[in-house]
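Trainee: need the 3D shape of this:
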Amino acid sequence: MKKILIAAVTLCSAITFGQGSTDYGNGLKLNLNPEGNKFIRFIAWNQVWMRSSQMNPGTMIGDASTTTQEDISLRRLRILAYAQISPRYMIVTHFGINNQTFTNGGAAGTSGTGGYGAGKKPGLFFHDAWNEYAVVLPKEGKPFSLSIGAGLHYYMGLSRMTMASTLNFLTIDAPIFNWPLIDNSDQFARQVGIFAKGKYNKLEYRFSLNKPFSTNIDVLAKNTSGNYVNAENTSFDNSGNTKWSKAGYVEYQFLDKEANLLPFKVGTYLGTKKVFNIGAGFYTAPNGTRSRNSDLTVSKHDINLFSGDVFLDMPIGAKEKKMAVTAYSVYYNYNFGPNYLRNIGIMNEGIADATFTGAKALAGPGNAQPMIGTGSIWYTQAGFLIPNKNEKPKVRIQPYLAYTNKNFDALKKSSNQFDLGTNLFLDGHHAKLTAQYSNRPVYTTVDHIDGYKGEFLLQLQVYL
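Mentor: Coordinates of the predicted model:
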């Protein structure tokens, strides 16, 4: 029974990471005994982006003003390893780099030119590092399982996409607001804490208690002219002596059960499973932000984040055509305190152009946009795997569309954004090309969107 259990766990892991390729098997696996039930498994992946982007007004790159930009960059270079020498014990490590461009993403302190010039020699860091113990092992005919773990982990609750795998997105990437604390009070969507995970029949649960990383924006800070740097009655990240955060996500899996050996949620199964899930989650952190009042006192605010989502992935039509549909929709309700707003641009190479005299984007230069804030976000994506009648199809095509509505308290006008693209699967998710066009709003005042800017992206992904 013990050998069967470990073999089943290994198979579930292979299914989780290997959608679309029947040749991959268990991947890079080092057996520690002849039976193969004690092992270390390695997963490595690279995502390389090429971009052509319209820049926000008031952007400069290097020492040149610009309205457009083309580049090639390293979105993710990662290695994950996990070891299991008993059905009850597992250790997980995951390290790599993200977001290296020709101007930024390098090691701390890199600047100028030469061997340690801007953007060069980024530092590796751990994304995940945790230990796990199975208190109640999953067994055939038994409805309940429970594992607990501790360390730097990804069991951050909130939504399916908050715990998304970066290997098998439907779109070219996550929309980013699914990681609402990204690199503020977390370390690249992770916190240090303890977690519990498991299943009860078709119900899957994940809960965690964590110590958020400290944030310290001074709401009373002044510039050299004696004016306050940060706005009044607006929340900023300052957790002081950080309080414990709590997070959780529960989903009901109506059709096929998904593997939960690792936390990473699949974006599209390419018709290899029949999945229909409904889930809900939360994240709370007391006194996570602060704001300045008119009488110069400081107010503390709790961070309270909630979501509800639905996920569908299944084959459709005649079996021999190998068609499939994938759809996901999520509603986020975010409260970081009054008027909290965070602007983010992925691999943003733009800096402010001091000579620009027109209306600048409130989000700042480059490709920055209002990404996260107190308010609500509704995000929906859908994709279709085009028919293929070949006996062993390798090349598959999957067009997709995504829509985002953001309604933040700090902005008096909501925005509507679209992503349109297609995946070209050369060997499932193990080797794929993705092309996508995205737009973003350009706010010049809190109640005015001065049009939308576009960005074309091309990604080459390989993982083994």
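
Trainee: just checking, residue 278 touches residue 255?
Mentor: No. Under the criterion of CB atoms under 8 Å, residue 278 is not in contact with residue 255, lying 11.5 Å apart. C-beta coordinates here come from the backbone N, C-alpha and C atoms, glycine included.

Trainee: in the stretch 301-450 of the chain, where is pLDDT below threshold?
Mentor: 391-393 (pLDDT under 70).

Trainee: quick one: the strands in the stretch 251-400 of the chain?
Mentor: In the stretch 251-400 of the chain, the strands defined using DSSP state E, counting those that start in this stretch lie at 275-292, 298-316, 323-335, 341-344, 351-352, 369-373, 375-385, 396-408.

Trainee: tell me what the fifth one is packed against?
Mentor: Contact analysis of strand 351-352 by 3 or more CB pairs under 8 Å, 6 or more residues apart in numbering; DSSP states H and E lists strand 59-61 as its packing neighbours.

Trainee: the strand it packs on pairs with which strands?
Mentor: strand 64-65 (antiparallel), strand 351-352 (antiparallel) (DSSP bridges).

Trainee: need the winner for burial among those strands.
Mentor: strand 351-352 (a mean of 16; mean count of other CB atoms under 10 Å).

Trainee: burial check on the residue nearest to residue 215 when sequence neighbours are not counted, number of neighbours?
Mentor: Excluding the flanking residues, the one nearest residue 215 by CB to CB, 6 or more residues apart in numbering is residue 237, at 3.7 Å. The tally of other residues near residue 237 (other CB atoms under 10 Å) stands at 20.

Trainee: which residues touch the residue lying closest to residue 387 once chain neighbours are set aside?
Mentor: In space, and not counting its chain neighbours, residue 387 is closest to residue 321: 3.9 Å by CB to CB, 6+ apart. Residues near residue 321 by CB atoms under 8 Å, 6 or more residues apart in numbering: 387, 388, 389.

Trainee: of these, which is the nearest to residue 186?
Mentor: Checking the contacts of residue 321 against residue 186 with CB to CB, the nearest one is residue 388 at 40.1 Å.

Trainee: okay if I get the contacts of residue 321 as TSV plus neighbour count and distance to residue 81?
Mentor: What follows is the contacts of residue 321, written out as TSV (neighbours: other CB atoms under 10 Å; distance: CB to CB, whole Å):
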residue	neighbour count	distance to residue 81
387	16	38
388	17	34
389	9	39
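
Trainee: ok so, going back, what's the distance between the residue nearest to residue 387 and residue 190?
Mentor: 40 Å (CB to CB, to the nearest Å).

Trainee: just to revisit the earlier point, export the strands paired with strand 59-61 as JSON lines, with columns for distance to residue 196.
Mentor: As requested, the strands paired with strand 59-61 are exported to JSON lines (distance: least, CB to CB, whole Å):
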{"stretch": "strand 64-65", "distance to residue 196": "53"}
{"stretch": "strand 351-352", "distance to residue 196": "44"}
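
Trainee: point out the most buried one among the strands of the stretch 251-400 of the chain.
Mentor: Among the strands of the stretch 251-400 of the chain, highest average neighbours (mean count of other CB under 10 Å) belong to strand 369-373, with a mean of 24.

Trainee: and it, what other elements does it pack with?
Mentor: Using 3+ CB pairs under 8 Å, 6+ apart, strand 369-373 sits against strand 341-344, strand 396-408, strand 431-445.

Trainee: closest one to residue 98 among these?
Mentor: The nearest among the helices and strands packed on strand 369-373, by CB to CB, is strand 341-344 at 13.3 Å.

Trainee: identify the residues contacting that closest one?
Mentor: So strand 341-344 is contacted by 176, 182, 184, 234, 362-364, 368-374, 408, 410-411 (CB under 8 Å, 6+ apart).

Trainee: what about 10 Å?
Mentor: Here strand 341-344 makes contact (CB atoms under 10 Å, 6 or more residues apart in numbering) with 56, 176-177, 179-184, 231, 234-237, 336, 361-364, 367-375, 408-411, 443, 446.

Trainee: so what strands line up beside the one helix or strand the residue nearest to residue 215 maps to?
Mentor: Element membership for residue 237, per DSSP states H and E: strand 236-237. Strand pairing for strand 236-237, using DSSP bridges, gives strand 275-292 (antiparallel).

Trainee: could you give the angle of the partner strand to strand 323-335?
Mentor: Relative orientation of strand 275-292 versus strand 323-335 (axes from the mean of the first three to the mean of the last three CA atoms, to 10 degrees): 20 degrees.

Trainee: thinking again about what came up before, and the contacts of strand 341-344, which are buried?
Mentor: By neighbour count, with 16 or more other CB atoms under 10 Å, the contacts of strand 341-344 hold 56, 177, 179-182, 184, 234-237, 336, 361-364, 367-375, 408-411, 443 as buried.

Trainee: the residue nearest to residue 380 when sequence neighbours are not counted pairs with what?
Mentor: Counting by CB to CB, 6+ apart, residue 380 lies nearest to residue 329, which is 4.2 Å off, once chain neighbours are set aside. Beta bridges link residue 329 to residue 310, residue 380 when assigned by DSSP bridges.

Trainee: isn't residue 329 up against residue 403?
Mentor: Yes. With contact defined as CB atoms under 10 Å, residue 329 counts as touching residue 403 (9.3 Å).

Trainee: any residues in contact with both of the two?
Mentor: In contact with both residue 329 and residue 403: 378, 379, 380, 381, 382, using CB under 10 Å, 6+ apart.

Trainee: of all the strands paired with strand 59-61, which lies closest to residue 202?
Mentor: Here strand 351-352 is closest among those (CB to CB), at 50.9 Å.

Trainee: hang on, the earlier thing: now distance to residue 44 too, for the strands of the stretch 251-400 of the chain, in a markdown table please.
Mentor: Formatted as a markdown table, the strands of the stretch 251-400 of the chain follow (distance: least, CB to CB, whole Å):
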| stretch | distance to residue 44 |
| --- | --- |
| strand 275-292 | 26 |
| strand 298-316 | 25 |
| strand 323-335 | 25 |
| strand 341-344 | 27 |
| strand 351-352 | 33 |
| strand 369-373 | 29 |
| strand 375-385 | 25 |
| strand 396-408 | 23 |
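
Trainee: residue 263: which of the ones you listed is closest?
Mentor: Per CB to CB, nearest to residue 263 of the strands of the stretch 251-400 of the chain: strand 275-292, 12.6 Å.

Trainee: what mean pLDDT does that closest one get?
Mentor: Strand 275-292 carries an average pLDDT of 98.

Trainee: what's the angle from it to strand 298-316?
Mentor: Going by the same axes, to 10 degrees, strand 275-292 makes 160 degrees with strand 298-316.

Trainee: start at 47 instead
Mentor: Yep, numbering from 47; the last one is strand 321-338 now.

Trainee: picking that back up, and the residue nearest to residue 261, what are its bridge partners?
Mentor: Residues in beta-bridge contact with residue 283 (DSSP bridges): residue 335.

Trainee: do residue 114 as well
Mentor: Those that pair with residue 114 in a beta bridge, by DSSP bridges, are residue 100.

Trainee: so how far is residue 103 from residue 367?
Mentor: Counting by CB to CB, the gap from residue 367 to residue 103 is 48 Å.

Trainee: low-scoring stretches of the stretch 47-196 of the chain, by residue?
Mentor: 47-72.

Trainee: having no further points to raise, I will conclude here.
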